[in-house]
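A.B. asks: Model the structure of this input:
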Amino acid sequence: MDANLQVARNAKQLATAIKRFRRSLKLTQEQVGESAGIPQTTVSKVEVGLVDPTLTTCFRILAALDLELVIRPRARSAEIYKREKD
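C.D. replies: The predicted structure follows:
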């Protein structure tokens, strides 16, 4: 697995990943908010799980961190899909 790859299967894991990446880039919540076009308070609330952000807000934050969302089957689902396909 790629060392930079972070799998998030729920909102809390996504929030933790966002916070981790922001810190690794040495960016403040204010900087991310400014880049994303959202208030710093929203970034903070997303990172601690106080709000369920819209997809638009998530995409704005991800873009501000130069991240992307990748949709793929879960590891177990991928194995089942592969077996059914063969």
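
A.B. asks: tell me, which helix in this protein spans the most residues?
C.D. replies: In the chain, taking DSSP state H as the definition, the longest helix is helix 11-24.

A.B. asks: so what does that helix touch, helix or strand wise?
C.D. replies: helix 40-48, helix 55-64 (3 or more C-beta pairs under 8 Å, 6 or more residues apart in numbering; DSSP states H and E). Bear in mind the C-beta positions are built from the backbone N, C-alpha and C, glycine included.

A.B. asks: where does the residue nearest to the spatial centre of the chain land on pLDDT?
C.D. replies: The centroid of the chain falls nearest to residue 14 when counting by C-alpha atoms, centre = their mean (4.5 Å). Residue 14 carries a pLDDT score of 93 in this model.

A.B. asks: so what's it closest to, chain neighbours aside?
C.D. replies: residue 8 (4.0 Å; C-beta to C-beta, 6 or more residues apart in numbering).

A.B. asks: Do I have it right that the residue nearest to the centre of the chain meets residue 57?
C.D. replies: No - using C-beta atoms under 8 Å, residue 14 is not in contact with residue 57, being 11.5 Å away.
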